[in-house]
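Asker: what's the 3D shape of this:
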Amino acid sequence: MIELIKANAKFFFITWGIVLLINQIFIFGGCLAPYCIVAALPHTGVISAVIVYLYFQEEKKEKIIQQERSYESQYTSNNDKADPLKEMGDVYEKEIGKEFESKGDFVIYNGLIRGVADGGVDLIIISPDSQSINFVQCKNWQKMKMEYHHINSVYDKLTDYASNINIAGFLGIYLFKYPVALQEHLHYKKERDEIARIFQASKNYTNIRKTLYIATDQVIDLNVGQHLTMIKPNIFRYNDMKIAITKI
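Answerer: Alright, predicted model coming up:
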């Protein structure tokens, strides 16, 4: 920390010296007398401070861009190693997310961006119309039977995630740590300012939903039925979690 302060101070005084010299040559007619230099110190000091501030702001932006590029490189590398089953699941998540986007909702493709660190939540749907936040898990299972313990596990993960997440802090992390990745998966692109406004408004949403999407009813074990309440032929409810059977 001390070394950093010293380096910043050194940069400031070097900048101030250069600004002062330019000022004396072009504005004070080359006057290097002590009284000329003293007269120039206040305004050249302010100019130098502004230059240094702007320099470090640009440097900070560049670091953020470099971090994003590094993340994207790692993300791409991880995708190259994806197995067929994961790719099939990713396709399903994208299609489900696209359906929400087409209705005007904003979708965070949490699973695609964070991978194994997604906490069991594939999609986070922010809906301005219903002023709700929907935590979604998607299962594109074709052969594996979904039994009761699978559904209960999904419910527990979504409930735990929704109960413990700090919405404002979480969205802030996405906006500033993963801005490129956040936009990358959107089917309907939005500007950063628009995303920021959506995030800001969603901090006040109290309507929290949990949803499990399953690709086909052929993989649901028949014994699960006794634990579900049917809303529609393809929509069920398990406690306060909706289960939707949706093919792509």
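Asker: only C-alpha atoms for contact and neighbour calcs from this point on.
Answerer: OK.
Asker: where does this structure dip in pLDDT?
Answerer: 1-7, 60-83, 168 (pLDDT under 70).
Asker: spatially central residue for it, please.
Answerer: Nearest residue to the geometric centre of the chain (Cα atoms, centre = their mean): Tyr174, 2.2 Å.
Asker: I'd guessed Thr44 sits against Phe13; true?
Answerer: No: counting by Cα atoms under 8 Å, Thr44 sits too far from Phe13 to count as a contact (10.9 Å).
Asker: more neighbours: those two, which one.
Answerer: Neighbour count, other Cα atoms under 10 Å: between Thr44 and Phe13, Thr44 has more, with 22 against 15.
Asker: tell me which element the residue nearest to the centre of the chain falls in.
Answerer: Under the criterion of DSSP states H and E, Tyr174 resides in helix 167-177.
Asker: pull out the buried positions in the helix or strand that that helix is followed by.
Answerer: Downstream of helix 167-177, the first helix or strand assigned by DSSP H and E is helix 179-184. Using 16 or more other Cα atoms under 10 Å as the test for burial, helix 179-184 gives 179-183.
Asker: how about the residues you listed, which pair is most distant?
Answerer: Pro179 and Gln183 (6.5 Å; Cα to Cα).
Asker: all helices for the protein, in order.
Answerer: Ranges of helices in the chain, per DSSP state H, are 2-26, 34-80, 84-102, 110-114, 148-164, 167-177, 179-184, 192-202.
Asker: what's the fifth one packed up against?
Answerer: When you say that, I think you mean helix 148-164. strand 132-139, strand 207-214 (3 or more Cα pairs under 8 Å, 6 or more residues apart in numbering; DSSP states H and E).
Asker: who's in contact with it?
Answerer: Around helix 148-164, the neighbours that count as contacts under Cα atoms under 8 Å, 6 or more residues apart in numbering are 119-121, 135-137, 208, 210, 212, 221, 223-224, 227, 241.
Asker: would you write a ChimeraX line that selects the buried entries of these?
Answerer: Applying 16+ other Cα under 10 Å to the contacts of helix 148-164, the buried members can be selected in ChimeraX as follows:
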select :120,121,135,136,137,210,212,241
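Asker: including distance to Tyr92, could the contacts of helix 148-164 go into a markdown table?
Answerer: Listed next are the contacts of helix 148-164 as a markdown table, based on distance: Cα to Cα, whole Å:
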| residue | distance to Tyr92 |
| --- | --- |
| Gly119 | 18 |
| Gly120 | 15 |
| Val121 | 14 |
| Phe135 | 16 |
| Val136 | 12 |
| Gln137 | 10 |
| Ile208 | 23 |
| Lys210 | 17 |
| Leu212 | 12 |
| Asp221 | 21 |
| Asn223 | 25 |
| Val224 | 23 |
| His227 | 25 |
| Met241 | 19 |
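Asker: who touches Ala215 in this structure?
Answerer: Contacts of Ala215 (Cα under 8 Å, 6+ apart): 92, 139-142, 245-248.
Asker: now for the nearest residue to Ala117 once chain neighbours are set aside: which residues touch it?
Answerer: Nearest residue to Ala117, sequence neighbours excluded (Cα to Cα, 6 or more residues apart in numbering): Gly111, at 7.8 Å. The neighbours of Gly111, taking Cα under 8 Å, 6+ apart as the test, are 117-118, 120-123.
Asker: could I get those residues as TSV with distance to Gln57?
Answerer: Output for the contacts of Gly111, formatted as TSV (distance: Cα to Cα, whole Å):
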residue	distance to Gln57
Ala117	31
Asp118	31
Gly120	37
Val121	35
Asp122	34
Leu123	33
